[in-house]
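Asks: Structure, please.
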Amino acid sequence: MRLRRRETPMRSPTNWALAVVFALALCGGGCATDTGAAESVSYLYADPRPVAMDGYDGDVMEPFLTRDGRYLIFNNSNHPSVDTNLHYAERVDDARFRYKGEVRGANTAKLDAVATMDRDGVFYFVSLREHEKTRDSIFRGAFRDGTLSGVEAVPGISRKKALSINFDVDISPDGARMYVVDGRFDLLWVLGPKAADIVAMDRRGDGFVPAPDSAAVLRAVNSDVLEYAPSVSADGRTLLFTRLRRGLGAEPAIYVSQRDDPARPFGPARRLAALEGFVEATTFSVDERTIYYHKKVGDRFALFMATKR
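Replies: Numbering: from 1, shown residues only. Below you'll find the predicted structure:
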(Lines give C-alpha, C1' and ligand atoms only; values in the text may rest on other atoms or scores of the structure.)
Protein backbone atom coordinates (compact mmCIF):
# COMPACT_ATOMS: atom_id res chain seq x y z
CA MET A 1 0.00 0.00 0.00
CA ARG A 2 1.13 3.57 -0.40
CA LEU A 3 0.60 7.22 0.21
CA ARG A 4 -2.14 8.38 -2.15
CA ARG A 5 -2.01 10.99 -4.84
CA ARG A 6 -5.72 11.63 -4.52
CA GLU A 7 -7.50 14.23 -2.47
CA THR A 8 -7.62 12.07 0.68
CA PRO A 9 -4.00 11.32 1.58
CA MET A 10 -3.20 9.25 4.64
CA ARG A 11 -2.69 11.64 7.54
CA SER A 12 -1.50 9.70 10.56
CA PRO A 13 1.87 8.07 11.30
CA THR A 14 0.06 4.75 11.72
CA ASN A 15 -1.37 5.00 8.22
CA TRP A 16 2.01 5.89 6.78
CA ALA A 17 3.67 2.97 8.58
CA LEU A 18 1.04 0.58 7.25
CA ALA A 19 1.58 1.96 3.76
CA VAL A 20 5.30 1.25 3.97
CA VAL A 21 4.62 -2.23 5.34
CA PHE A 22 2.46 -3.15 2.39
CA ALA A 23 4.95 -1.81 -0.10
CA LEU A 24 7.48 -4.18 1.47
CA ALA A 25 5.10 -7.04 2.13
CA LEU A 26 3.88 -7.10 -1.45
CA CYS A 27 7.56 -6.68 -2.42
CA GLY A 28 7.33 -3.88 -4.94
CA GLY A 29 10.38 -2.19 -3.52
CA GLY A 30 13.16 -4.72 -3.71
CA CYS A 31 12.90 -6.57 -0.41
CA ALA A 32 16.15 -8.13 0.69
CA THR A 33 17.09 -11.76 1.09
CA ASP A 34 20.01 -13.80 2.34
CA THR A 35 21.97 -16.24 0.22
CA GLY A 36 20.68 -19.40 1.92
CA ALA A 37 21.87 -22.94 1.28
CA ALA A 38 21.97 -24.70 -2.07
CA GLU A 39 18.45 -25.39 -3.29
CA SER A 40 16.62 -27.59 -5.76
CA VAL A 41 15.57 -26.05 -9.05
CA SER A 42 12.92 -26.81 -11.65
CA TYR A 43 12.45 -25.97 -15.33
CA LEU A 44 8.76 -26.90 -15.34
CA TYR A 45 8.02 -23.43 -16.78
CA ALA A 46 10.66 -21.80 -18.95
CA ASP A 47 11.21 -19.61 -22.04
CA PRO A 48 10.23 -16.37 -20.25
CA ARG A 49 9.20 -13.43 -22.43
CA PRO A 50 7.35 -10.12 -22.07
CA VAL A 51 3.61 -9.79 -22.68
CA ALA A 52 2.14 -6.78 -24.50
CA MET A 53 -0.54 -4.62 -22.86
CA ASP A 54 -2.15 -2.46 -25.55
CA GLY A 55 -3.32 0.94 -24.32
CA TYR A 56 -1.50 0.85 -20.98
CA ASP A 57 2.03 1.92 -20.06
CA GLY A 58 1.95 1.70 -16.24
CA ASP A 59 3.15 -0.98 -13.84
CA VAL A 60 1.55 -4.43 -14.00
CA MET A 61 1.70 -6.40 -10.75
CA GLU A 62 -0.05 -9.42 -9.16
CA PRO A 63 -1.74 -10.70 -12.36
CA PHE A 64 -4.71 -13.05 -12.27
CA LEU A 65 -6.27 -14.63 -15.37
CA THR A 66 -10.01 -15.30 -15.02
CA ARG A 67 -11.14 -18.93 -15.18
CA ASP A 68 -12.54 -18.51 -18.70
CA GLY A 69 -9.30 -16.88 -19.88
CA ARG A 70 -11.07 -13.72 -21.03
CA TYR A 71 -9.70 -11.13 -18.62
CA LEU A 72 -6.43 -10.43 -16.87
CA ILE A 73 -6.90 -8.66 -13.53
CA PHE A 74 -3.89 -6.84 -12.08
CA ASN A 75 -2.90 -3.93 -9.88
CA ASN A 76 -0.59 -1.06 -10.65
CA SER A 77 2.49 -0.23 -8.57
CA ASN A 78 2.32 -0.78 -4.82
CA HIS A 79 4.89 1.90 -4.00
CA PRO A 80 3.79 4.14 -1.06
CA SER A 81 3.61 7.21 -3.33
CA VAL A 82 1.06 5.60 -5.69
CA ASP A 83 -2.68 4.93 -5.45
CA THR A 84 -2.78 1.15 -5.84
CA ASN A 85 -5.92 0.06 -7.68
CA LEU A 86 -7.26 -2.98 -9.51
CA HIS A 87 -7.34 -2.87 -13.32
CA TYR A 88 -8.32 -5.32 -16.04
CA ALA A 89 -7.46 -6.14 -19.62
CA GLU A 90 -9.06 -8.39 -22.25
CA ARG A 91 -7.13 -11.24 -23.83
CA VAL A 92 -6.18 -10.84 -27.50
CA ASP A 93 -3.92 -13.89 -27.60
CA ASP A 94 -1.51 -15.62 -25.23
CA ALA A 95 1.08 -12.85 -25.51
CA ARG A 96 -1.15 -9.77 -25.84
CA PHE A 97 -3.91 -8.11 -23.82
CA ARG A 98 -5.96 -4.98 -24.44
CA TYR A 99 -6.35 -2.62 -21.47
CA LYS A 100 -9.95 -1.89 -20.45
CA GLY A 101 -9.57 0.33 -17.37
CA GLU A 102 -9.98 0.06 -13.61
CA VAL A 103 -12.25 -2.60 -12.15
CA ARG A 104 -15.37 -0.57 -11.46
CA GLY A 105 -16.64 -0.79 -7.88
CA ALA A 106 -13.41 -2.28 -6.51
CA ASN A 107 -11.16 0.66 -5.72
CA THR A 108 -10.86 3.06 -2.79
CA ALA A 109 -8.38 5.65 -1.54
CA LYS A 110 -6.59 2.79 0.25
CA LEU A 111 -4.67 -0.09 -1.29
CA ASP A 112 -6.78 -2.44 -3.45
CA ALA A 113 -4.78 -5.26 -5.04
CA VAL A 114 -4.10 -8.99 -5.56
CA ALA A 115 -7.20 -10.41 -7.21
CA THR A 116 -8.39 -14.00 -7.59
CA MET A 117 -11.72 -15.51 -8.61
CA ASP A 118 -13.61 -18.78 -8.56
CA ARG A 119 -15.45 -20.18 -11.57
CA ASP A 120 -18.75 -18.65 -10.38
CA GLY A 121 -17.38 -15.12 -10.60
CA VAL A 122 -16.84 -14.57 -6.87
CA PHE A 123 -13.92 -12.13 -6.86
CA TYR A 124 -11.56 -12.02 -3.86
CA PHE A 125 -8.92 -9.35 -3.30
CA VAL A 126 -6.74 -7.58 -0.76
CA SER A 127 -7.91 -4.18 0.48
CA LEU A 128 -6.99 -1.93 3.40
CA ARG A 129 -10.26 0.03 3.22
CA GLU A 130 -11.32 -1.06 6.72
CA HIS A 131 -8.16 -2.51 8.20
CA GLU A 132 -7.56 0.12 10.87
CA LYS A 133 -11.07 -0.38 12.22
CA THR A 134 -11.81 -4.08 11.65
CA ARG A 135 -8.40 -5.71 10.93
CA ASP A 136 -9.94 -7.29 7.81
CA SER A 137 -7.91 -7.23 4.60
CA ILE A 138 -9.54 -9.90 2.38
CA PHE A 139 -12.69 -8.78 0.57
CA ARG A 140 -14.98 -10.24 -2.09
CA GLY A 141 -17.65 -9.23 -4.56
CA ALA A 142 -19.39 -10.42 -7.71
CA PHE A 143 -17.44 -9.75 -10.92
CA ARG A 144 -19.09 -9.26 -14.29
CA ASP A 145 -17.52 -7.67 -17.37
CA GLY A 146 -15.16 -5.38 -15.46
CA THR A 147 -17.55 -4.37 -12.68
CA LEU A 148 -17.51 -5.54 -9.07
CA SER A 149 -20.65 -5.40 -6.94
CA GLY A 150 -21.63 -6.34 -3.39
CA VAL A 151 -18.15 -5.80 -1.93
CA GLU A 152 -17.77 -7.12 1.63
CA ALA A 153 -15.13 -8.42 4.02
CA VAL A 154 -14.72 -12.21 4.04
CA PRO A 155 -15.47 -13.57 7.54
CA GLY A 156 -13.14 -15.90 9.41
CA ILE A 157 -9.78 -15.06 7.81
CA SER A 158 -8.31 -12.22 9.86
CA ARG A 159 -6.58 -12.93 13.17
CA LYS A 160 -8.10 -9.61 14.35
CA LYS A 161 -4.71 -8.60 15.75
CA ALA A 162 -2.94 -5.30 15.17
CA LEU A 163 0.34 -6.81 13.97
CA SER A 164 -1.18 -9.46 11.70
CA ILE A 165 -2.20 -8.81 8.08
CA ASN A 166 -3.33 -11.17 5.31
CA PHE A 167 -1.67 -9.67 2.25
CA ASP A 168 -2.11 -12.28 -0.50
CA VAL A 169 -4.93 -14.62 -1.52
CA ASP A 170 -5.85 -17.33 -4.03
CA ILE A 171 -9.09 -19.29 -4.30
CA SER A 172 -9.68 -22.75 -5.78
CA PRO A 173 -11.92 -22.82 -8.90
CA ASP A 174 -14.78 -24.41 -6.93
CA GLY A 175 -14.50 -21.78 -4.17
CA ALA A 176 -14.06 -24.41 -1.46
CA ARG A 177 -10.45 -23.80 -0.43
CA MET A 178 -8.62 -20.51 -0.07
CA TYR A 179 -4.89 -19.97 0.29
CA VAL A 180 -4.00 -16.80 2.16
CA VAL A 181 -0.77 -15.32 3.42
CA ASP A 182 -0.52 -14.88 7.17
CA GLY A 183 1.82 -11.92 7.61
CA ARG A 184 3.10 -11.07 11.09
CA PHE A 185 4.88 -7.88 11.97
CA ASP A 186 6.62 -6.36 14.94
CA LEU A 187 6.61 -2.73 16.08
CA LEU A 188 9.29 -1.83 13.52
CA TRP A 189 6.73 -1.73 10.70
CA VAL A 190 9.10 -0.20 8.16
CA LEU A 191 11.27 -3.35 8.24
CA GLY A 192 8.43 -5.30 6.65
CA PRO A 193 6.95 -8.61 7.85
CA LYS A 194 8.94 -10.65 10.34
CA ALA A 195 7.11 -13.77 9.15
CA ALA A 196 4.87 -14.76 6.26
CA ASP A 197 3.42 -18.22 5.63
CA ILE A 198 0.81 -19.60 3.28
CA VAL A 199 -2.25 -20.95 5.10
CA ALA A 200 -5.08 -23.10 3.73
CA MET A 201 -8.64 -22.06 4.66
CA ASP A 202 -11.82 -24.06 4.02
CA ARG A 203 -15.22 -22.64 3.17
CA ARG A 204 -17.78 -22.80 5.97
CA GLY A 205 -21.11 -21.09 5.40
CA ASP A 206 -20.47 -17.58 4.11
CA GLY A 207 -16.93 -17.47 5.52
CA PHE A 208 -13.74 -19.49 5.87
CA VAL A 209 -12.00 -21.32 8.71
CA PRO A 210 -8.40 -22.59 8.99
CA ALA A 211 -8.17 -25.99 7.29
CA PRO A 212 -7.35 -28.76 9.80
CA ASP A 213 -4.69 -30.12 7.44
CA SER A 214 -3.15 -26.74 6.58
CA ALA A 215 0.13 -27.19 8.45
CA ALA A 216 0.66 -30.70 7.07
CA VAL A 217 -0.29 -29.82 3.49
CA LEU A 218 2.10 -26.83 3.42
CA ARG A 219 4.92 -28.14 5.62
CA ALA A 220 7.36 -28.43 2.70
CA VAL A 221 6.38 -24.98 1.42
CA ASN A 222 6.57 -22.75 4.48
CA SER A 223 9.93 -22.06 6.07
CA ASP A 224 11.64 -19.61 8.38
CA VAL A 225 11.78 -17.04 5.56
CA LEU A 226 8.86 -15.36 3.74
CA GLU A 227 6.43 -17.27 1.51
CA TYR A 228 3.64 -15.40 -0.28
CA ALA A 229 1.74 -14.95 -3.59
CA PRO A 230 0.24 -18.48 -3.79
CA SER A 231 -1.28 -19.73 -7.03
CA VAL A 232 -2.80 -23.22 -7.14
CA SER A 233 -3.59 -25.24 -10.27
CA ALA A 234 -7.19 -26.21 -11.01
CA ASP A 235 -6.57 -29.84 -9.99
CA GLY A 236 -4.89 -28.78 -6.74
CA ARG A 237 -1.68 -30.64 -7.57
CA THR A 238 0.65 -27.73 -8.34
CA LEU A 239 1.38 -24.74 -6.12
CA LEU A 240 3.38 -21.76 -7.35
CA PHE A 241 4.51 -19.16 -4.82
CA THR A 242 7.14 -16.53 -4.15
CA ARG A 243 9.86 -16.93 -1.54
CA LEU A 244 11.86 -14.08 -0.03
CA ARG A 245 14.85 -14.75 2.20
CA ARG A 246 16.25 -12.36 4.80
CA GLY A 247 19.44 -10.31 4.73
CA LEU A 248 20.90 -7.93 2.19
CA GLY A 249 21.02 -7.97 -1.57
CA ALA A 250 19.21 -10.86 -3.25
CA GLU A 251 15.79 -10.78 -4.91
CA PRO A 252 12.50 -12.70 -4.55
CA ALA A 253 12.05 -15.80 -6.69
CA ILE A 254 9.18 -18.01 -7.85
CA TYR A 255 8.97 -21.60 -6.61
CA VAL A 256 6.92 -24.68 -7.48
CA SER A 257 5.71 -27.45 -5.21
CA GLN A 258 3.77 -30.45 -6.53
CA ARG A 259 1.88 -33.52 -5.32
CA ASP A 260 0.36 -36.55 -7.06
CA ASP A 261 -2.79 -36.55 -4.95
CA PRO A 262 -4.68 -33.32 -4.01
CA ALA A 263 -5.47 -34.88 -0.63
CA ARG A 264 -1.74 -35.25 0.17
CA PRO A 265 0.84 -32.64 1.30
CA PHE A 266 2.72 -30.63 -1.30
CA GLY A 267 6.23 -31.87 -2.03
CA PRO A 268 9.55 -30.04 -1.69
CA ALA A 269 9.73 -26.54 -3.12
CA ARG A 270 11.92 -25.98 -6.15
CA ARG A 271 12.90 -22.62 -7.64
CA LEU A 272 11.82 -21.98 -11.25
CA ALA A 273 15.36 -21.33 -12.42
CA ALA A 274 14.46 -20.02 -15.89
CA LEU A 275 12.51 -17.11 -14.34
CA GLU A 276 15.45 -14.87 -13.51
CA GLY A 277 15.64 -11.48 -11.80
CA PHE A 278 13.11 -9.80 -9.52
CA VAL A 279 10.04 -11.98 -10.21
CA GLU A 280 6.84 -12.60 -8.23
CA ALA A 281 3.15 -13.49 -8.29
CA THR A 282 2.04 -16.07 -10.85
CA THR A 283 -1.28 -17.02 -12.43
CA PHE A 284 -2.10 -20.01 -14.63
CA SER A 285 -3.60 -19.94 -18.11
CA VAL A 286 -6.79 -21.94 -18.57
CA ASP A 287 -4.93 -24.97 -19.94
CA GLU A 288 -2.05 -24.39 -17.48
CA ARG A 289 0.49 -24.60 -20.29
CA THR A 290 1.39 -20.96 -19.59
CA ILE A 291 1.94 -18.91 -16.48
CA TYR A 292 1.96 -15.12 -16.18
CA TYR A 293 3.90 -13.17 -13.55
CA HIS A 294 5.40 -9.75 -12.95
CA LYS A 295 9.07 -8.87 -13.30
CA LYS A 296 10.98 -5.75 -12.39
CA VAL A 297 12.54 -4.20 -15.50
CA GLY A 298 14.52 -1.09 -14.64
CA ASP A 299 12.28 0.87 -12.28
CA ARG A 300 9.00 -0.59 -13.59
CA PHE A 301 7.06 -3.83 -13.19
CA ALA A 302 6.06 -5.58 -16.40
CA LEU A 303 3.95 -8.61 -17.30
CA PHE A 304 5.84 -11.72 -18.40
CA MET A 305 4.88 -15.23 -19.41
CA ALA A 306 6.59 -18.63 -19.36
CA THR A 307 5.51 -21.92 -20.93
CA LYS A 308 5.45 -25.49 -19.68
CA ARG A 309 8.22 -27.78 -20.88
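
Asks: Quick test: name the residue nearest the centre of this structure.
Replies: residue 229 (3.9 Å; CA atoms, centre = their mean).

Asks: which residues of the stretch 101-250 of the chain fall in helices?
Replies: Per DSSP state H, counting those that start in this stretch, the stretch 101-250 of the chain carries helices over the ranges 131-134, 214-217.

Asks: Same list (the ones you listed) but as a markdown table, adding mean neighbour count, distance to residue 268 and mean pLDDT.
Replies: The C-beta positions use only the backbone N, C-alpha and C, and glycine is treated the same way. Listed next are the helices of the stretch 101-250 of the chain as a markdown table, based on neighbours: other CB atoms under 10 Å; distance: least, CB to CB, whole Å; pLDDT from 0 to 100:
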| stretch | mean neighbour count | distance to residue 268 | mean pLDDT |
| --- | --- | --- | --- |
| helix 131-134 | 14 | 34 | 90 |
| helix 214-217 | 17 | 14 | 97 |
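
Asks: how about the ones you listed in a markdown table, adding distance to residue 41?
Replies: Output for the helices of the stretch 101-250 of the chain, formatted as a markdown table (distance: least, CB to CB, whole Å):
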| stretch | distance to residue 41 |
| --- | --- |
| helix 131-134 | 37 |
| helix 214-217 | 23 |
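
Asks: just for the chain, where's the confidence low?
Replies: Along the chain, the parts satisfying pLDDT under 70 run over 1-38, 187-192, 246-248, 250.

Asks: try it again with 90
Replies: Confidence mapping of the chain against pLDDT under 90 gives the ranges 1-39, 78-82, 131-132, 159-165, 167, 183-195, 245-251, 309.

Asks: The residue nearest to the centre of the chain touches residue 281, doesn't it?
Replies: Yes. If you go by CB atoms under 8 Å, residue 229 and residue 281 touch, sitting 4.3 Å apart.

Asks: Common neighbours of those two, please.
Replies: Residues within reach of residue 229 and of residue 281 at once, by CB atoms under 8 Å, 6 or more residues apart in numbering, are 62, 114, 242.

Asks: ranking those residues by neighbours, who comes first?
Replies: Neighbour counts for these peak at residue 114, which has 31 neighbours (criterion: other CB atoms under 10 Å).

Asks: What sits closest to that residue if chain neighbours are left out?
Replies: residue 126 (4.2 Å; CB to CB, 6 or more residues apart in numbering).
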